[in-house]
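missing the sequence, but the structure's below:
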């Protein structure tokens with residue numbers, strides 16, 4: 001089921017990004033191919049084979065916002081001044097290079113990021129009147145911004161997922177090894193006997209010496225040490241064993257519901273997996289979450305157990321079970 005949820009979220013993200021990109025293309029959000037006029041003040045001429053000038057592009061703030069159809073920057077400045085380099089190419093055409101700095105308008109920063117994460121924007125000069133200090137140019141084409149962002153994020157987080165997974169190998173191997181040694185040394189049997197008074201109260205329908213009890217204890221122990229992945233196989237084994245003593249296979253029993261509550265509430269003593277993730281991501285104090293994790297998980301487990309025990313006693317659920325049993329008896333003749 002979880003796989004369907006993830007693929008649905010992924011498809012929603014992709015379709016939303018494509019829809020936004022189509023809207024940007026239709027409305028020409030980034031003003032592709034539309035010339036814009038600004039002032040260009042030359043500060044100095046560069047000594048190079050081709051003529052090149054350092055200078056500043058000057059936009060009235062209101063004109064910039066109107067051209068790109070964006071809300072007012074609410075800045076105290078009445079004009080935008082952006083450093084730029086004007087270069088004459090061998091073909092005779094002129095181009096502008098606009099380096100991205102802290103003073104660059106946020107909309108141009110977004111365009112530069114969308115154009116490949118570059119630290120500059122480029123523009124083609126249509127005309128340049130040096131006497132009037134007036135320049136007309138068109139910015140480089142920017143398109144499919146949202147789908148590029150989604151693709152980039154997917155690649156980056158895939159890399160992050162692999163990094164985190166590799167950092168967990170050591171912790172998982174350590175605790176799985178400890179659990180295997182403990183099982184071989186007979187600690188599982190000892191732990192089962194110690195936990196018998198508790199399991200007898202939590203799971204009164206399950207015999208104390210049943211294999212399901214051992215599997216549930218191993219699952220709970222793994223979860224208490226924060227080894228969620230290691231706990232999964234034992235949890236599946238416990239449910240399989242509980243289903244064997246289920247009078248109606250495939251229907252959740254009281255014991256199954258109780259075990260599921262304990263499993264999903266995340267009862268923990270040492271959140272080893274989370275600590276390993278925090279350490280792998282460079283946390284200064286990875287173990288600082290131990291206290292809050294124990295308290296939060298204890299509250300969740302307590303609330304879950306109280307709820308499941310109350311619901312088990314409600315006549316409604318008992319009546320439904322009795323009706324189903326009666327129907328089964330009638331069908332069986």
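Thanks, I have the structure now. Remember, predicted model here, so these are calculated numbers, not experimental data.

quick check: what element follows the one helix or strand residue 235 maps to along the chain?
Assigning secondary structure by DSSP states H and E places residue 235 in helix 228-244. The helix or strand immediately downstream of helix 228-244 is helix 254-265, counting by DSSP H and E.

list the helices and strands that next one packs on?
Packing contacts for helix 254-265, counted by 3 or more Cβ pairs under 8 Å, 6 or more residues apart in numbering; DSSP states H and E, involve helix 211-224, helix 228-244, helix 290-313. C-betas here are computed from N, CA, C, even on glycine.

now the longest helix along the chain, how far from the centre of its chain.
Counting residues, the longest helix in the chain under DSSP state H turns out to be helix 145-184. Helix 145-184 sits 13 Å away from the centroid of its parent chain (Cα atoms, centre = their mean, to the nearest Å).

now do the next helix or strand after it: distance to the chain's middle.
Going down the chain from helix 145-184, the next helix or strand is helix 187-202, by DSSP H and E. For helix 187-202, the separation from the chain centroid amounts to 39 Å (computed by Cα atoms, centre = their mean).

neighbouring contacts of helix 187-202?
182, 206, 208, 213-214, 216-218, 221, 258, 262, 305 (Cβ atoms under 8 Å, 6 or more residues apart in numbering).

who wins for most neighbours among these?
Within these, most neighbours by other Cβ atoms under 10 Å means residue 216, with 29 neighbours.

mind listing what the nearest residue to that one once chain neighbours are set aside touches?
Excluding its sequence neighbours, the residue lying closest to residue 216 (Cβ to Cβ, 6 or more residues apart in numbering) is residue 238, at 4.4 Å. For residue 238, the contacting residues are 212, 215-216, 219, 259, by Cβ under 8 Å, 6+ apart.

for residue 157, state which of the residues you listed is nearest.
For the contacts of residue 238, the closest approach to residue 157 (Cβ to Cβ) belongs to residue 219, at 29.5 Å.

residue 240 is in contact with that closest one, correct?
No - contact criterion Cβ atoms under 8 Å: residue 219 and residue 240 do not qualify, at 11.9 Å.

which one's more surrounded, these two?
Relative neighbour count places residue 219 above the other of residue 219 and residue 240, with 24 against 12, counting by other Cβ under 10 Å.

just the pLDDT at the more buried one, thanks.
With respect to pLDDT, residue 219 scores 81.

show me what contacts it?
231, 234-235, 237-238, 259, 263.

tell me which residues in the helix or strand where residue 279 lies are buried?
Counting by DSSP H and E, the element that carries residue 279 is helix 272-280. Across helix 272-280, burial judged by 16 or more other Cβ atoms under 10 Å covers 272-278, 280.

from residue 262, how far off is residue 56?
To residue 262, residue 56 is 67 Å away according to Cβ to Cβ, to the nearest Å.

and for residue 182?
Separation of residue 182 from residue 262 (Cβ to Cβ): 20 Å.

ditto for residue 9
For residue 9, the distance to residue 262 - Cβ to Cβ - is 28 Å.

and what of residue 271?
When distance is defined by Cβ to Cβ, residue 271 is 16 Å away from residue 262.

would you enumerate the residues in contact with residue 127?
So, once contact is read as Cβ under 8 Å, 6+ apart, residue 127 ends up touching 135-136.

now swap in the one 3 residues further on and tell me
For residue 130, the contact set (Cβ under 8 Å, 6+ apart) comprises residue 42.

and it, what are its phi and psi?
Phi and psi for residue 130, reported as degrees, to the nearest 10, are phi -70, psi -30.

still on that earlier bit, most widely separated two among the contacts of residue 238?
Pairwise distances across the contacts of residue 238 (Cβ to Cβ) peak at 10.3 Å, for the pair 212 and 219.

pretty sure residue 239 contacts residue 256?
Yes - counting by Cβ under 8 Å, residue 239 touches residue 256, with 6.5 Å between them.

what is the neighbour count of residue 62?
There are 12 residues near residue 62, going by other Cβ under 10 Å.

okay, and it sits in which element?
Per DSSP H and E, residue 62 falls inside helix 61-68.

C-terminal to that helix, what's the next element?
Next along from helix 61-68, by DSSP H and E: strand 79-88.

and whichever helix or strand comes after that following strand, what does it pack onto?
Once the chain leaves strand 79-88, the next helix or strand it forms, by DSSP H and E, is strand 94-99. Here strand 94-99 touches strand 79-88, strand 120-129, going by 3+ Cβ pairs under 8 Å, 6+ apart.

and with 10 Å instead?
Other elements packing on strand 94-99 under the criterion 3 or more Cβ pairs under 10 Å, 6 or more residues apart in numbering; DSSP states H and E are strand 52-60, strand 79-88, helix 106-114, strand 120-129, strand 134-139.

so where's the stretch 101-250 of the chain uncertain?
117, 167-168, 171-172, 175-176, 179, 188, 226-230 (pLDDT under 70).
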